[in-house]
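Colleague: Next input, structure requested:
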Amino acid sequence: MTTDNTDNGAALSLQVLEIADGVETIYEDWLRIQGERPASTLFQFPGYFRCYAATFGAARGDERIIAVYRGPTAVALIPVRLVVENRLGMTVNVLKFADTPIPLHDAILSLQVTWSDVVGTIRTQLAQSNKLPWDVIALNTVLEDGCIAQDFSSSGGFLKLKRRVGYNNFIDLSQSDYINDKVSARLRKNLRRSRKRLADLGDYTFETVDQLPALNAAFEDFLDIESSGWKSRRGGKRAIKLHADQTAFYSQLMQEFSETGDCNIHLLKLDGKTIAANFSIRTNRTFYSLKSGYDESLTKIAPGQVLREYVFTRYSADEFVEKCDLISDYPWQSQWRPTQRKVYDFYLFNKSVIGLVTYAIMSIRFALGRKS
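Modeller: Have a look, this model is predicted:
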């Protein structure tokens with residue numbers, strides 16, 4: 001299947017790949033596309049999705065990769081899953097991003113193609129492929145400076161909606177001394193008090209591990225401390241260690257990024273015992289703080305905050321790191337005075353009966369939500 005792209009005269013085609021083996025099939029193309037974008041994020045890296053495909057994706061049968069080609073060359077990739085939803089008595093086929101553990105997403109686009117090119121190919125060819133019947137494409141939790149967001153208005157031929165759903169916090173470490181230049185005097189005072197209290201209890205040390213086999217032991221310490229508190233008792237039992245697929249995913253991430261020293265596990269120890277831990281991945285001058293935990297019996301001393309101070313200070317001194325992505329926008333993060341980016345949900349609607357009705361319903365709901 002091909003379609004002429006009138007903007008540049010090139011022929012684009014579409015393939016739908018199973019995610020379980022599709023990542024490996026298209027890995028070199030994926031690496032090339034991601035490499036074209038110096039600011040590409042962790043959740044656009046092929047290595048990240050290789051870890052996902054080997055763990056979560058291998059157990060799910062509804063996940064695919066939409067691959068758009070110009071001739072024999074892949075120019076765009078969108079990992080998706082097909083979800084059948086019931087809305088007001090209607091069966092609605094919704095294409096969503098693959099259900100990855102990190103709650104941020106984007107398409108992977110070559111600089112040689114635009115989002116308008118890609119969605120035009122999807123609109124004309126996806127129905128013809130007969131592999132992914134769809135009424136709505138829901139592109140959720142996309143950063144405002146991502147590939148989709150920057151060019152969403154040019155999604156020609158589609159009915160479309162967008163709404164802001166939150167923020168993404170990150171720490172700008174491009175200045176030399178973030179802690180003293182940006183963090184409030186009150187927080188710095190609290191951190192000094194916490195360090196003094198730790199010193200009164202015993203010898204405390206910081207450790208950053210980025211190489212195998214030492215990472216294996218650090219990973220076990222991280223899992224133990226991350227599961228020792230409320231994440232095991234409340235909040236739906238969210239601790240990684242309680243879920244075999246999550247444990248396997250983070251273990252795969254560690255293996256994947258340890259080859260370049262870009263998996264960093266940071267530990268705070270008191271008399272040799274780990275009391276706080278952080279699991280981070282570093283890519284493209286950014287380190288992503290994916291998961292953290294601390295000994296809740298020491299809550300009044302705030303070991304988690306002490307470890308964050310160490311981590312931010314460490315990376316502030318690293319000329320190859322410009323920012324720390326905190327992934328979310330939890331209220332506690334405001335103490336560190338992060339920079340915020342908007343996060344959006346984007347929707348494209350098929351001009352089928354169900355697609356049109358869904359568009360009308362969602363348009364009304366979004367309008368009412370803005371008024372309220």
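Colleague: Not counting residues beside it along the chain, what's closest to Lys269?
Modeller: Thr205 (5.1 Å; CB to CB, 6 or more residues apart in numbering). Any C-beta I mention is one placed from the backbone N, CA and C, and that applies to glycine too.
Colleague: Asp21 now?
Modeller: Ala53 (7.7 Å).
Colleague: what helix or strand does the residue nearest to Pro46 when sequence neighbours are not counted sit in?
Modeller: In space, and not counting its chain neighbours, Pro46 is closest to Trp30: 3.8 Å by CB to CB, 6+ apart. Per DSSP states H and E: Trp30 is located in helix 27-35.
Colleague: so the residue nearest to Asp21 touches Val23, yeah?
Modeller: Yes. With contact defined as CB atoms under 8 Å, Ala53 reaches Val23; the gap is 4.5 Å.
Colleague: which outside residues touch whichever helix or strand comes after the helix holding Trp30?
Modeller: Using DSSP H and E, the helix or strand that directly follows helix 27-35 along the chain is helix 46-54. With CB atoms under 8 Å, 6 or more residues apart in numbering as the test, helix 46-54 has contacts from 19-24, 27, 30-31, 34, 42, 57, 79, 98, 100-102, 248-249, 252-253, 256-257.
Colleague: quick one: which of the residues you listed sit in strands?
Modeller: Pro79 (DSSP state E).
Colleague: Just the buried residues from the contacts of helix 46-54, in ChimeraX please.
Modeller: Buried residues among the contacts of helix 46-54 (16 or more other CB atoms under 10 Å), as a ChimeraX selection:
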select :19,20,22,23,30,34,42,57,79,98,100,101,102,248,249,252,253,256,257
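Colleague: So which of the contacts of helix 46-54 sit within helices?
Modeller: Taking DSSP state H, the ones among these that sit in helices are 19-24, 27, 30-31, 34, 57, 248-249, 252-253, 256-257.
Colleague: Can you list phi and psi of the nearest residue to Tyr310 once chain neighbours are set aside for me?
Modeller: Closest residue to Tyr310 apart from its sequence neighbours, by CB to CB, 6+ apart: Phe206 at 4.8 Å. Note on Phe206: its backbone torsions stand at phi -110, psi 150 [degrees, to the nearest 10].
Colleague: So Phe206 sits against Pro303, correct?
Modeller: No. The pair Phe206 and Pro303 does not pass the contact test of CB under 8 Å, sitting 11.0 Å apart.
Colleague: if I look at those two, which residues touch both of them?
Modeller: Common neighbours of Phe206 and Pro303 (criterion: CB under 8 Å, 6+ apart): Leu268.
Colleague: Looking at those two, which has the bigger crowd around it?
Modeller: Pro303 (27 against 16; other CB atoms under 10 Å).
Colleague: so that one makes contact with Leu198?
Modeller: Yes. Assessed by CB under 8 Å, Pro303 is found in contact with Leu198 at 7.3 Å.
Colleague: Return every residue with contacts to both of the two.
Modeller: Residues touching both Pro303 and Leu198 comprise Leu270, with contact defined as CB under 8 Å, 6+ apart.
Colleague: How many residues are close by Ser116?
Modeller: Neighbours around Ser116, by other CB under 10 Å: 18.
Colleague: Kindly provide the distance from it to Tyr27.
Modeller: Distance, Ser116 to Tyr27, using CB to CB, to the nearest Å: 27 Å.
Colleague: And Pro72, by the same measure?
Modeller: 16 Å.
Colleague: One more: Arg370?
Modeller: Taking CB to CB as the measure, Arg370 falls 42 Å from Tyr27.
Colleague: got it, and Leu42?
Modeller: 16 Å.
Colleague: Then Leu242?
Modeller: In terms of CB to CB, Leu242 sits 31 Å off from Tyr27.
Colleague: same deal with Arg163?
Modeller: Going from Arg163 to Tyr27 by CB to CB gives 34 Å.
Colleague: same check, this time on Arg238
Modeller: 31 Å.
Colleague: Which parts of the stretch 201-350 of the chain are helices?
Modeller: Using DSSP state H, counting those that start in this stretch, the helices of the stretch 201-350 of the chain run over residues 214-226, 230-233, 244-258, 303-316.
Colleague: ugh, wrong one, I meant the stretch 51-200 of the chain
Modeller: 56-59, 115-129, 147-151, 178-182, 185-201.
Colleague: quick one, the last one and helix 303-316 angle?
Modeller: For helix 185-201 and helix 303-316, the angle between their directions (axes from the mean of the first three to the mean of the last three CA atoms, to 10 degrees) works out to 110 degrees.
Colleague: Touching helix 185-201 from outside, list them.
Modeller: 179-180, 204, 270-271, 300-303, 305-306, 309, 335-336.
Colleague: so who does Arg123 touch?
Modeller: Per CB under 8 Å, 6+ apart, neighbours of Arg123: Gly157, Phe158.
Colleague: thinking again about what came up before, okay, the helices of the stretch 201-350 of the chain, which one's buried deepest?
Modeller: helix 303-316 (a mean of 21; mean count of other CB atoms under 10 Å).
Colleague: how far out from the middle of the chain is that helix?
Modeller: In terms of CA atoms, centre = their mean, to the nearest Å, the centre of helix 303-316 is set 22 Å apart from its chain centre.
Colleague: cool, and stretch 21-28?
Modeller: 20 Å.
Colleague: Just to check, Asp262 is in contact with Asp210?
Modeller: Yes. Asp262 lies in contact with Asp210 (CB under 8 Å); the separation is 7.4 Å.
Colleague: where does the stretch 201-350 of the chain have low pLDDT?
Modeller: 230-236 (pLDDT under 70).
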